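Enquirer: Predicted model and sequence follow; I will ask about them next.
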Amino acid sequence: MMVAICWFRRVLRLDDHPALVAAASSGPVIPLVILDPAEAEAHPASAQRQALSLPRLQTALHRHNSRLIVRRGDTAEVLEHVARQTGADAVHTTEGFPFASDHGLKAAAERGGATLHLHPLADLVPRGSVRTQEGGIYKVFTPFWRAVRAVDIDRPLDPPTLHLPQSWPDSDETDWPEARSAMSRGWDVVAGHIDAGEDAARDRLDTFLEGPVADYGTHRDQPWRTSGTSGLSDALAVGEISARRIWHVGLAARENGRQGVEDFLREVAWREFARELFHESPDMDHTCWRKEWNDFPWKQDNNEAEDWRRARTGVPMVDAGLRELFVTGRMHNRVRMVVGSYLTKHLLTDWRVGLDWFARTLTDWDAASNAMNWQWVAGCGPDASPYFRVFNPDTQAQKFDAKARYRDHWLKPGAPGASSFAKAAPRSWNIDLQRMAVPAISLSQGRARALTAYEDFKE
Ligand SMILES: Cc1cc2nc3c(=O)[nH]c(=O)nc-3n(C[C@H](O)[C@H](O)[C@H](O)COP(=O)(O)OP(=O)(O)OC[C@H]3O[C@@H](n4cnc5c(N)ncnc54)[C@H](O)[C@@H]3O)c2cc1C
């Protein structure tokens, strides 16, 4: 009987995995993961996040008496080689995201003697299926949300029975050395903040729905809370859990009387909205959605932006957020908006400078969410926050971190977050925890400068 390869491509789970179900329906399956150095170089923290998930995936496959074959190298070359080596007639995998990244893979599989089958992402709705009455995509979130809410979201697929091949190809280790070396901080720093694997993601969802979701509407904006939000974005980003699974487990919790679930699912739909926009405009991570904004006089990378990356702007809420990012690979959503606004408005720096830093350092990096949110913050995206809405980091801090618990954790000498940052930062950054940096520009002057630039641009 012919074997099929199931290439686990950023879908590191057995649950709700359309490509795996399709591969298993045709006979024996060889589960494959490819660790491509190019991906590790471009997105080291995200690559590390994936690598940490692989031992968990191995364990899950072992429970089915199956194995995980890990191969390092150029994606197309590995696909061709493994297809030829195993004699597989089919490779099943998930559509790449962004979609342009599927280019060349069909031909590579064919050179190895196999046919490539691309299966949809297990998102809430199939791409392009939710349309306005005029047949276009939604460019504003609220009507998109209403349209999603009106759809019967497909139920997630259960893990299939896996038939085993007669022999197994050899496998590399799950370690991803290129990601290790591309991380600008120690591997262990970020690893300590990651709870990887499909089971952990499901536990996190259940725990969140059992308690914290009830207060989600108010707690989600308070960065000092450790469980104000679900913390599921990195699991979603590497595919340890599907949006459909979250949706249906959420709806069941709501039917059992849990408050706050609707607010939570609405946020999950923001991720979907981002994917819909990115599908329509795959250049959205480097081109302003509203084209006229490509002429806005943003500064390219500069010394102030470097200080921003190193969390030494001298603005407490901004520096706290950037330290959180560097140490944990994540940053609270409210603070992402604050640091983004500060970079693009007070420092008048191009949103793509911030987007690139996030793409390298976030463990929940997602091309669509990152691009949509940076454009939202910068004011050049669809349904974006208007440019003249300049977040004041101090006011935001007073509102959402009134007792300074978040800022103290990351900034106060001797506090756990500050100490972790000092250990994580490269020596060349010369971190001096005792000395707060002096801001390049005062908040009021920065705001006035941004608004003047905006007025000039509009004329
Ligand atoms: C400048 C900027 C860049 C961002 N880059 C990313 C990114 O690369 N990857 C990423 O997953 N999120 C990104 N976000 C969105 C958001 O900050 C994170 O999804 C959120 O902090 C994740 O925490 P959580 O899982 O606890 O979220 P919860 O509040 O529990 O929300 C549940 C899920 O909804 C989705 N979600 C929530 N808010 C948003 C949002 N604004 N946009 C899209 N999806 C959302 C996420 O998948 C999240 O896991 C970015 C936001 C900003 C302002």
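Expert: Nice, thanks for sending it over.
Enquirer: is any part of stretch 370-390 close to the ligand?
Expert: Yes - residues of stretch 370-390 are located near the ligand by Cβ under 6 Å from any ligand atom, namely 370, 373-374, 377. Quick note: C-beta positions are derived from backbone N, CA and C, even for glycine.
Enquirer: List the contacts of residue 382.
Expert: Taking Cβ atoms under 8 Å, 6 or more residues apart in numbering, we find residue 382 in contact with 139-140, 277, 289-290, 372, 375.
Enquirer: Residue 441 now?
Expert: Taking Cβ under 8 Å, 6+ apart, we find residue 441 in contact with 346-347, 449.
Enquirer: I'd like to know which of those are buried.
Expert: The neighbour count (16 or more other Cβ atoms under 10 Å) marks 346-347 as buried among the contacts of residue 441.
Enquirer: Which ones among the contacts of residue 441 also lie next to the ligand?
Expert: With the criterion set as Cβ under 6 Å from any ligand atom, no member of the contacts of residue 441 is near the ligand.
Enquirer: Tell me the buried residues in stretch 126-140?
Expert: Neighbour-count burial for stretch 126-140, counted by 16+ other Cβ under 10 Å, picks out 127, 130, 137-139.
Enquirer: number of nearby residues for the closest residue in space to residue 254 that isn't next to it in sequence?
Expert: What sits nearest to residue 254 in space, not counting adjacent residues and going by Cβ to Cβ, 6 or more residues apart in numbering, is residue 261, at 4.0 Å. Residues lying near residue 261 (other Cβ atoms under 10 Å) number 22.
Enquirer: looking at it, residue 261 is touching residue 212, isn't it?
Expert: No - the criterion here is Cβ atoms under 8 Å, and residue 261 misses it with residue 212 at 11.3 Å.
Enquirer: ok, residue 457 - contacts?
Expert: Residues near residue 457 by Cβ under 8 Å, 6+ apart: 295-297.
Enquirer: measure residue 185 to the ligand for me?
Expert: 18 Å (Cβ to the nearest ligand atom, to the nearest Å).
Enquirer: Then residue 112?
Expert: 33 Å.
Enquirer: quick one: that residue and residue 83 touch, right?
Expert: Yes - if you go by Cβ under 8 Å, residue 112 and residue 83 touch, sitting 2.8 Å apart.
Enquirer: if you count what's nearby, which of those two comes out ahead?
Expert: residue 83 (27 against 22).
Enquirer: helices or strands up against the one helix or strand the more buried one maps to?
Expert: Assigned by DSSP states H and E, residue 83 belongs to helix 75-86. Helix 75-86 is packed against strand 4-7, strand 29-35, strand 69-72, helix 105-111, with contacts defined by 3 or more Cβ pairs under 8 Å, 6 or more residues apart in numbering; DSSP states H and E.
Enquirer: tell me the most buried of the ones you listed?
Expert: Sort the helices and strands packed on helix 75-86 by mean neighbour count, taking mean count of other Cβ atoms under 10 Å, and strand 4-7 sits at the top with a mean of 28.
Enquirer: contacting residues around that strand?
Expert: By Cβ under 8 Å, 6+ apart, strand 4-7 touches 17, 19-20, 23-24, 26-34, 79, 82-83, 86, 88-93, 114.
Enquirer: any idea of the mean pLDDT for it?
Expert: Averaged across strand 4-7, pLDDT comes to 98.
Enquirer: That one: partners in the sheet, and parallel or antiparallel?
Expert: Strand pairing for strand 4-7, determined by DSSP bridges: strand 29-35 (parallel), strand 90-94 (parallel).
Enquirer: what about the stretch 201-350 of the chain, any weak spots by pLDDT?
Expert: By pLDDT under 70, the stretch 201-350 of the chain has no low-scoring segment.
Enquirer: Can you check the pLDDT for the closest residue to residue 61 other than its chain neighbours?
Expert: Once flanking residues are discounted, residue 61 sits nearest to residue 68: 5.2 Å by Cβ to Cβ, 6+ apart. At residue 68, the predicted lDDT confidence score is 98.
Enquirer: before we move on, the earlier item: make JSON lines from the strands paired with strand 4-7 and add distance to residue 208 to it.
Expert: Listed next are the strands paired with strand 4-7 as JSON lines, based on distance: least, Cβ to Cβ, whole Å:
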{"stretch": "strand 29-35", "distance to residue 208": "28"}
{"stretch": "strand 90-94", "distance to residue 208": "25"}
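Enquirer: closest one to the ligand among the ones you listed?
Expert: For the ligand, the closest of the strands paired with strand 4-7 is strand 90-94, at 17.0 Å, according to Cβ to the nearest ligand atom.
Enquirer: and the closest one with helix 75-86, angle?
Expert: Angle, strand 90-94 to helix 75-86, by axes from the mean of the first three to the mean of the last three Cα atoms, to 10 degrees: 140 degrees.
Enquirer: Pipe the buried residues of stretch 126-140 into CSV and attach secondary structure and pLDDT per row.
Expert: Shown next, in CSV, are the buried residues of stretch 126-140 (DSSP: H, G, I helix; E, B strand; the rest coil; pLDDT from 0 to 100):
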residue, secondary structure, pLDDT
127, coil, 88
130, coil, 95
137, coil, 94
138, coil, 96
139, coil, 94
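Enquirer: Out of those, which comes closest to residue 233?
Expert: Distance to residue 233, by Cβ to Cβ, is smallest for residue 127 among the buried residues of stretch 126-140, at 19.9 Å.
Enquirer: contacting residues around that closest one?
Expert: With contact set as Cβ under 8 Å, 6+ apart, residue 127 has these partners: 120-121, 275-276, 279.
Enquirer: same thing but at 7 Å, please
Expert: Going by Cβ atoms under 7 Å, 6 or more residues apart in numbering, residue 127 touches 276, 279.
Enquirer: what's the spacing between it and residue 277?
Expert: Plainly put, residue 127 is 11 Å away from residue 277 if you go by Cβ to Cβ, to the nearest Å.
Enquirer: Do you know the pLDDT at whichever residue of the stretch 51-200 of the chain sits closest to the ligand?
Expert: Per Cβ to the nearest ligand atom, residue 141 is where the stretch 51-200 of the chain lies closest to the ligand, at 9.5 Å. In this model, residue 141 is scored at 96, pLDDT.
Enquirer: Surely it is in contact with residue 273?
Expert: Yes - if you go by Cβ atoms under 7 Å, residue 141 and residue 273 touch, sitting 5.3 Å apart.
Enquirer: of the two, who's got more company?
Expert: Between residue 141 and residue 273, counted using other Cβ under 10 Å, the more crowded position is residue 273 (25 against 19).
Enquirer: Next, the contact list for the more buried one, please.
Expert: By Cβ under 7 Å, 6+ apart, residue 273 lies in contact with 141, 144.
Enquirer: re the thing from before, ok, of the contacts of strand 4-7, which come out buried?
Expert: The buried subset of the contacts of strand 4-7 (16+ other Cβ under 10 Å) comprises 17, 19-20, 23-24, 26, 28-34, 79, 82-83, 86, 88-93, 114.
Enquirer: Buried residues, the helix or strand containing residue 306. List them.
Expert: Using DSSP H and E, residue 306 maps to helix 303-309. Applying a neighbour-count criterion of 16+ other Cβ under 10 Å, the buried positions in helix 303-309 are 304-305, 307-309.
Enquirer: For residue 56, give me its contacts.
Expert: Residue 56 sits next to 196-198 when contact means Cβ under 7 Å, 6+ apart.
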